[in-house]
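J.: Sequence plus predicted model, see below.
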Amino acid sequence: MTDTAAAARRGRRPTSERRRALQRLEISRVAIRLFRTHGLAGTSGEQIADAVGLSARTLWRWFRTKESCVEPVLSLSTDTFTACLRRWPAGKSLDEHLLSDFGGHVDAGPDDGELVLAVLRLARHEPALRAIWLVVQERAEPVLAQILADRLGRAASDVEIRVQAAALNAALRITTEDVAAVTADGHRPPVDDLVRALSAAVRAATHGIEGDRPV
């Protein structure tokens, strides 16, 4: 069995796929920094490609537009949230779980959280970036629904589960957007403040449901 096949059997992405994901993430980081410095209109795809040492042709193979370059970094926020939800123990409300668990897993990189906020600040005036953010949120919703369904012994297609997943998604979106709105570019509040804000939003969305109780 090849290494690639073995990795696939174990549920791991092949090395080349992991490397591609890491490269896309690095391009995303560079693109956001350029957007933050020069603005969306003042940054071209060619500039992004040059900054990461790629040809423009390669960049366009990986991203359909320059705006879509922000997607990998934005996905970190939803990935962190869904990973936390998977660690949610039975018998504990999700907002309580967030307070004890989420703070240690906020960023995948030293400034990824701030880069997410930078995109959301730009997105207030850039509809194309706003659209990417909403697409990322939309993609997270069925993942949240499946996690809730598995935890609560329900089907992911149940309307109650889908509505609860949508509420959790909204809690994450609103909290992140609120934090972006009240922090200056290049700065962010302490992690504990972020976690408390998200926990409060999740409490409002879930009404304190516990991991071993039906919705």
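T.: Cool, the structure landed.

J.: Walk me through the domains of this protein.
T.: 3-66, 69-206 (automatic domain parsing).

J.: Burial-wise, tell me which of those comes out on top.
T.: Each of these was scored by mean neighbour count; the highest is domain 69-206, a mean of 18, by mean count of other Cβ atoms under 10 Å. Bear in mind the C-beta positions are built from the backbone N, C-alpha and C, glycine included.

J.: how far does that one stretch from start to finish?
T.: End-to-end distance for domain 69-206: 33 Å, by Cα to Cα, to the nearest Å.

J.: Check stretch 152-168 too.
T.: 15 Å.

J.: quick check, distance from that stretch to the centre of its chain.
T.: 20 Å (Cα atoms, centre = their mean, to the nearest Å).

J.: related to what we said a few turns ago, can the domains of the chain go into TSV with extra columns for mean pLDDT?
T.: Shown next, in TSV, are the domains of the chain (pLDDT from 0 to 100):
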stretch	mean pLDDT
domain 3-66	86
domain 69-206	88
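
J.: Helices of the protein, start to end?
T.: 3-9, 15-38, 45-52, 56-62, 71-86, 94-101, 112-123, 127-152, 159-182, 191-206 (DSSP state H).

J.: and the fourth one, how far out from the chain's middle?
T.: Right, the one you point to is helix 56-62. With Cα atoms, centre = their mean, you get 23 Å for helix 56-62.

J.: helices or strands next to it in the packing?
T.: Judged by 3 or more Cβ pairs under 8 Å, 6 or more residues apart in numbering; DSSP states H and E, the packing partners of helix 56-62 are helix 15-38, helix 45-52.

J.: correct me, but R86 touches I147?
T.: Yes: using Cβ atoms under 8 Å, R86 is in contact with I147, at 5.8 Å.

J.: between these two, what contacts are shared?
T.: Residues touching both R86 and I147 (Cβ atoms under 8 Å, 6 or more residues apart in numbering): none.

J.: Kindly state which of the helices and strands packed on helix 56-62 is positioned closest to E138.
T.: helix 15-38 (18.3 Å; Cβ to Cβ).
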